[in-house]
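> From the sequence below, what's the structure:
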Amino acid sequence: MRKCPRTWAQGTQLDSAFIRKEPFGLVLIIAPWNYPVNLTLVPLVGALAAGNCVVLKPSEFSRSTEKILAEVLPRYLDQSCFAVVLGGPQETGQLLEHKFDYIFFTGNPRVGRIVMAAAAKHLTPVTLELGGKNPCYVDDDCDPQTVANRVAWFRYFNSGQTCVAPDYVLCSPDTQERLLPALQRAITRFYGEDPRSSPSLGRIISEKHFRRLRGLLGCGRVVIGGQSDESDRYIAPTVLVDVQETEPVMQEEIFGPILPIVNVRSLDEAIDFINRREKPLALYAFSNSNQHPARAKLEPLLRKHVPTWGLSGRLLHNHTPTCDSSPAAPKVVKRVLAQTSSGGFCGNDGFMHMTLTSLPFGGVAHFTDGETQVLLCVTGRAQVCPTCSQLAAAGLTAVSHATVQEPVGWAATTASSPSTPSPTTVPACCARPG
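Now for the predicted structure:
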């Protein structure tokens, strides 16, 4: 009897194929000072849980945390696969001379280039989380106080020393006029009449950074705040207007409690302004403008049933643009998302996209290479833009969020000649077998 090949092959396994995830091996983690516990322990836990050995380099600027980590971690972690290295730029440079299997760096782009160059000598894969100048577009139809409350909170949080904080606001002159008094009320509400005495407002990390920030206060015109005290490394929550594109405050990441406002005449001009610059780590857009008539009926329902922290990320986590899949997403927010590129995007709020465990966190182009959660394996992928979209109604938080796959952009393929890296030594506790 003749057998049908289709029927016969269906139940016959001739071979098998599978994907096996393996640890990288020896991982170097260079941590920053602005969130010295979180941004040290999170990648450390991920690397160790994936089976890697780790050399950890905390920031020398956060001396107290650096000291505690060096004292406490060895009590609880196996020192045969873990080591803490203390010191400044010289010690970091010596570490980078060694060959690692993966390097995870969080810091500024200048040092990121040094790390990338050192890794390139050994073709070591890296994750660089570098921050950047994050735009915040405010549409004319927004409620100024709602926007001011949200912008002031995530701009001055940690004294502005946060990589995803909005670096500047783009809005029309009319919106600026309505936004300024609202920002003043928000700052007073959060930090009191005298922000210097507020326990909620921190200080600048070092004298060097303080002097740099104080120099930026001379850009444009100060309309809110502007006070400073070098002996206390205090800079008041500040808002600048009449800022020129060529001034230093618009040429470098601020990383402090200073918020410039740049006037644009239209959404088109705002999008063009954003696209003429390096792709940001985060991008924010505020708008009430909506192309869906169902929104008026949807808002009361969401206000009643959506919890404070919004819907579970896994309910709407997919690879389509969140704003396009949500009937409540403002069309202006959609357009900013569609016509710009950034590491993360949030509509009508801030920070929320990086708090969702269902979304990756990372950037594109100049400011980040790789996602900060990946220490298990590296796969070929399109760039992923974590996206969070929210209604602009006061008090209503995350409605929907997703990841958006974007093309990487220009790619070049070149032939390379084989090379043999020079032998190097590593800390004894993390030496590879053989």
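
> from here on, contacts and neighbour counts on C-alpha atoms
OK.

> So what are the structural domains in the chain, by residue number?
18-130+379-383, 135-292+330-354 (the TED database).

> Deepest-packed of those, please.
Highest mean neighbour count among these (mean count of other C-alpha atoms under 10 Å): domain 135-292+330-354, with a mean of 20.

> Now tabulate the domains of the chain in JSON lines and tack on mean pLDDT.
Below are the domains of the chain laid out as JSON lines (pLDDT from 0 to 100):
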{"stretch": "domain 18-130+379-383", "mean pLDDT": "91"}
{"stretch": "domain 135-292+330-354", "mean pLDDT": "94"}
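
> As CSV, the ones you listed with distance to residue 4 would be great.
Converted to CSV, these look like this (distance: least, C-alpha to C-alpha, whole Å):
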stretch, distance to residue 4
domain 18-130+379-383, 28
domain 135-292+330-354, 51
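
> Among these, which comes closest to residue 6?
domain 18-130+379-383 (23.3 Å; C-alpha to C-alpha).

> Identify the residues contacting the lengthiest helix in the chain?
Secondary structure of the chain read by DSSP state H shows that its longest helix is helix 173-191. Identification of contacts with helix 173-191 by C-alpha atoms under 8 Å, 6 or more residues apart in numbering yields 138-140, 144-145, 147-149, 152-153, 195, 198, 200-201, 224, 237, 261, 263-265.

> contacting residues for residue 62?
Residues in contact with residue 62 (C-alpha under 8 Å, 6+ apart) are 33-34, 36, 205.

> what separates the spatially most central residue of the chain from residue 144, distance-wise?
Geometric centre of the chain, nearest residue: residue 164, 4.5 Å, by C-alpha atoms, centre = their mean. Separation of residue 164 from residue 144 (C-alpha to C-alpha, to the nearest Å): 22 Å.

> Helices along the stretch 101-250 of the chain, start to end?
109-121, 144-156, 173-191, 207-216 (DSSP state H, counting those that start in this stretch).

> remind me which residues of the stretch 301-434 of the chain are low pLDDT?
Residue ranges of the stretch 301-434 of the chain with pLDDT under 70: 301-329, 360-434.

> Could I get the CA-only coordinates of stretch 104-112 as PDB?
Coordinates of each C-alpha in stretch 104-112 appear next as PDB, following Å, rounded to 0.1, in the frame of the first residue of the first chain:
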ATOM      1  CA  PHE A 104      26.700  47.400  30.900                       C
ATOM      2  CA  PHE A 105      27.200  51.200  31.300                       C
ATOM      3  CA  THR A 106      24.900  53.900  32.500                       C
ATOM      4  CA  GLY A 107      26.100  57.500  32.300                       C
ATOM      5  CA  ASN A 108      26.700  60.400  30.000                       C
ATOM      6  CA  PRO A 109      27.500  60.200  26.200                       C
ATOM      7  CA  ARG A 110      31.100  61.400  26.600                       C
ATOM      8  CA  VAL A 111      32.100  58.500  28.900                       C
ATOM      9  CA  GLY A 112      29.800  56.200  26.800                       C
END
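
> what comes into contact with that stretch?
So stretch 104-112 is contacted by 27-32, 39, 43, 115, 126-131, 366-367, 372 (C-alpha under 8 Å, 6+ apart).

> Filter the residues you listed down to the ones in strands?
27-30, 126-129 (DSSP state E).

> okay if I get those residues as CSV plus distance to residue 80?
Compiled in CSV, the ones in strands among the contacts of stretch 104-112 are given as follows (distance: C-alpha to C-alpha, whole Å):
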residue, distance to residue 80
27, 14
28, 15
29, 17
30, 19
126, 23
127, 24
128, 26
129, 28
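
> and which of those residues is nearest residue 55?
Closest to residue 55, out of all of the ones in strands among the contacts of stretch 104-112 and judged by C-alpha to C-alpha, is residue 28, at 4.9 Å.

> quick one: contacts of stretch 69-78?
Residues contacting stretch 69-78 (C-alpha under 8 Å, 6+ apart): 82-84, 86.

> Which ones among those residues map onto strands?
Checking the contacts of stretch 69-78 against DSSP E, those in strands are 82-84.

> As TSV, the residues you listed with distance to residue 217 would be great.
Formatted as TSV, the ones in strands among the contacts of stretch 69-78 follow (distance: C-alpha to C-alpha, whole Å):
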residue	distance to residue 217
82	43
83	41
84	38
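
> can I get the helices of the stretch 101-250 of the chain in JSON lines with distance to residue 101?
Output for the helices of the stretch 101-250 of the chain, formatted as JSON lines (distance: least, C-alpha to C-alpha, whole Å):
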{"stretch": "helix 109-121", "distance to residue 101": "9"}
{"stretch": "helix 144-156", "distance to residue 101": "36"}
{"stretch": "helix 173-191", "distance to residue 101": "45"}
{"stretch": "helix 207-216", "distance to residue 101": "33"}
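
> what's the closest of these to residue 269?
Across the helices of the stretch 101-250 of the chain, closest to residue 269 is helix 173-191 (C-alpha to C-alpha), at 13.2 Å.

> Render the CA-only coordinates of that closest one in CSV, please.
Provided in CSV are the C-alpha atoms of helix 173-191 (Å, rounded to 0.1, in the frame of the first residue of the first chain):
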residue,chain,number,x,y,z
PRO,A,173,3.5,81.7,22.9
ASP,A,174,-0.1,81.7,24.0
THR,A,175,0.3,78.3,25.7
GLN,A,176,3.5,79.6,27.4
GLU,A,177,1.5,82.5,28.8
ARG,A,178,-1.0,80.2,30.4
LEU,A,179,1.5,77.6,31.4
LEU,A,180,3.9,79.8,33.4
PRO,A,181,1.5,80.7,36.3
ALA,A,182,0.4,77.1,36.4
LEU,A,183,4.0,75.9,36.7
GLN,A,184,4.5,78.4,39.6
ARG,A,185,1.5,77.0,41.4
ALA,A,186,2.6,73.5,40.8
ILE,A,187,6.1,74.2,42.2
THR,A,188,4.7,75.9,45.2
ARG,A,189,2.3,73.0,45.8
PHE,A,190,5.2,70.5,45.6
TYR,A,191,8.0,72.3,47.4
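
> Residue 88 is in contact with residue 60, correct?
Yes. Using C-alpha atoms under 8 Å, residue 60 makes contact with residue 88 at a distance of 5.7 Å.

> Dihedrals phi and psi, residue 16?
Per-residue torsions, residue 16: phi -140, psi 150 (degrees, to the nearest 10).

> Quick check: it vs residue 195, distance?
Taken as C-alpha to C-alpha, the span from residue 16 to residue 195 is 65 Å.

> For the residue nearest to residue 168 when sequence neighbours are not counted, what is the enclosing helix or strand?
Distances taken as C-alpha to C-alpha, 6 or more residues apart in numbering place residue 260 nearest to residue 168, at 5.0 Å, with adjacent residues excluded. Using DSSP states H and E, residue 260 sits within strand 258-263.

> and that strand, which strands flank it?
The sheet places strand 258-263 alongside strand 166-171 (parallel), strand 238-241 (parallel), with pairing taken from DSSP bridges.
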